[in-house]
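Colleague: I need the structure of the sequence given here:
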Amino acid sequence: MAADKPSLEKQLEDYRFALSKVSHEVRNPVTLINSYLQLLEKDHPELKQNELWSDITEEMLFLRRLLDDLSCYNNTFRCQFSATEMSPFLLKLSESVYLLFPDSPISYQISVPENLPTLSVDPLKLNQALTNLLRNSFESAAQSVSFSVVEKQDCLQIDIINDGASISKEQQTEFFKPFVTTKPNGTGLGLPIARGIIEAHHGSIAFLFPEETSDSKNTPDNPDKSGTLLNHMSGSHLQIVLPLC
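Modeller: Reported below is the predicted structural model:
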């Protein structure tokens with residue numbers, strides 16, 4: 001017999017509380033150890049020449065980033081909604097991502113209509129989610145990345161496409177689970193955080209596959225009528241849907 005909704009919500013709240021408690025208890029000694037390391041390095045600058053010291057500082061940086069990501073993951077549902085004009089908001093964030101990769105040879109195409117509606121969103125968290133998804137595309141060994149937005153009858157459809165390394169369907173479904181990553185120094189929480197933020201906006205996020213969206217007549221210079229670049233037999237295609245109300 002399936003658990004009822006109040007029971008599931010109580011279990012989820014208990015899980016979030018436990019995760020928050022553990023993160024808090026771990027963060028305090030980590031902060032203290034990091035301070036000790038900084039003092040040691042200041043008093044003994046020769047430590048910088050030691051390979052083990054470099055490994056220690058890198059692992060500490062990863063641990064601090066993991067704790068930050070755990071906090072974000074645990075608080076994705078806590079949003080501060082405000083009326084936001086989506087055209088300038090989405091255009092600014094999509095352009096800002098390119099500034100993070102100033103020397104990148106990647107071809108980057110942006111399509112954001114000027115007359116998108118005003119929606120009630122948490123601009124900080126939605127920016128965090130979409131920026132992270134775009135960063136992933138730029139870091140995927142892609143030659144081209146596209147960010148396109150289309151207003152449908154009852155939603156905004158955002159498509160992020162790259163032609164980087166291909167990922168199987170099995171891998172892509174796994175990537176929304178916490179701590180699953182292919183990056184050497186990744187925490188495996190980027191996609192789960194993005195998904196949590198988008199679902200907190202009553203939206204959805206999913207990978208699409210070539211057989212679902214591709215058309216041999218479409219090329220990067222010839223998008224389909226929706227503005228979405230469909231020639232992506234390699235790489236990945238993420239589609240985010242945000243309701244209009």
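Colleague: Tell me if residue 150 really is in a strand.
Modeller: Yes. Membership of residue 150 in a strand is supported by DSSP: H, G, I helix; E, B strand; the rest coil.
Colleague: Domains of the chain: list them as residue ranges, please.
Modeller: 5-74, 82-243 (automatic domain parsing).
Colleague: Please identify the most buried of those domains.
Modeller: domain 82-243 (a mean of 17; mean count of other C-beta atoms under 10 Å). Where you see a C-beta, it was placed from the backbone N, CA and C, and this is true even at glycine.
Colleague: Just put the domains of the chain in CSV and tack on mean pLDDT.
Modeller: As requested, the domains of the chain are arranged in CSV below (pLDDT from 0 to 100):
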stretch, mean pLDDT
domain 5-74, 83
domain 82-243, 83
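Colleague: Can you pull the phi/psi pair for the residue nearest in space to the middle of the chain?
Modeller: Central residue check for the chain by C-alpha atoms, centre = their mean: the C-alpha nearest the mean position is that of residue 132, 3.3 Å away. For residue 132, the backbone dihedrals (degrees, to the nearest 10) come out as phi -60, psi -40.
Colleague: Wasn't residue 34 part of a helix?
Modeller: Yes. Residue 34 forms part of a helix when assessed by three-state DSSP.
Colleague: Residue 175 touches residue 191, doesn't it?
Modeller: Yes. Using C-beta atoms under 8 Å, residue 175 is in contact with residue 191, at 5.0 Å.
Colleague: Please name the residues that touch the closest residue to residue 71 other than its chain neighbours.
Modeller: With C-beta to C-beta, 6 or more residues apart in numbering as the criterion, residue 71 has its nearest non-adjacent residue at 5.9 Å, and that residue is residue 23. Residue 23 sits next to 67, 70-71, 74 when contact means C-beta atoms under 8 Å, 6 or more residues apart in numbering.
Colleague: Serialize those residues to TSV and add fields for distance to residue 87.
Modeller: Output for the contacts of residue 23, formatted as TSV (distance: C-beta to C-beta, whole Å):
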residue	distance to residue 87
67	36
70	34
71	31
74	32
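Colleague: Nearest to residue 187 among the residues you listed?
Modeller: Among those, residue 70 lies closest to residue 187 (C-beta to C-beta), at 8.1 Å.
Colleague: tell me which element that closest one is part of?
Modeller: Per DSSP states H and E: residue 70 is located in helix 51-74.
Colleague: could you dump that helix to PDB, C-alpha only?
Modeller: C-alpha atoms of helix 51-74 as PDB (Å, rounded to 0.1, in the frame of the first residue of the first chain):
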ATOM      1  CA  GLU A  51      53.100  17.900  -3.400                       C
ATOM      2  CA  LEU A  52      51.100  16.500  -0.500                       C
ATOM      3  CA  TRP A  53      50.300  20.000   0.700                       C
ATOM      4  CA  SER A  54      48.800  20.700  -2.700                       C
ATOM      5  CA  ASP A  55      46.700  17.600  -2.500                       C
ATOM      6  CA  ILE A  56      45.500  18.500   1.000                       C
ATOM      7  CA  THR A  57      44.400  22.000   0.000                       C
ATOM      8  CA  GLU A  58      42.600  20.700  -3.100                       C
ATOM      9  CA  GLU A  59      40.700  18.100  -1.100                       C
ATOM     10  CA  MET A  60      39.800  20.800   1.500                       C
ATOM     11  CA  LEU A  61      38.500  23.000  -1.300                       C
ATOM     12  CA  PHE A  62      36.400  20.000  -2.600                       C
ATOM     13  CA  LEU A  63      35.000  19.300   0.800                       C
ATOM     14  CA  ARG A  64      34.000  22.900   1.300                       C
ATOM     15  CA  ARG A  65      32.300  23.000  -2.100                       C
ATOM     16  CA  LEU A  66      30.500  19.700  -1.300                       C
ATOM     17  CA  LEU A  67      29.100  21.300   1.900                       C
ATOM     18  CA  ASP A  68      28.000  24.300   0.000                       C
ATOM     19  CA  ASP A  69      26.300  22.100  -2.600                       C
ATOM     20  CA  LEU A  70      24.600  20.000   0.100                       C
ATOM     21  CA  SER A  71      23.200  23.200   1.600                       C
ATOM     22  CA  CYS A  72      21.900  24.300  -1.800                       C
ATOM     23  CA  TYR A  73      20.400  20.900  -2.500                       C
ATOM     24  CA  ASN A  74      18.700  20.800   0.900                       C
END
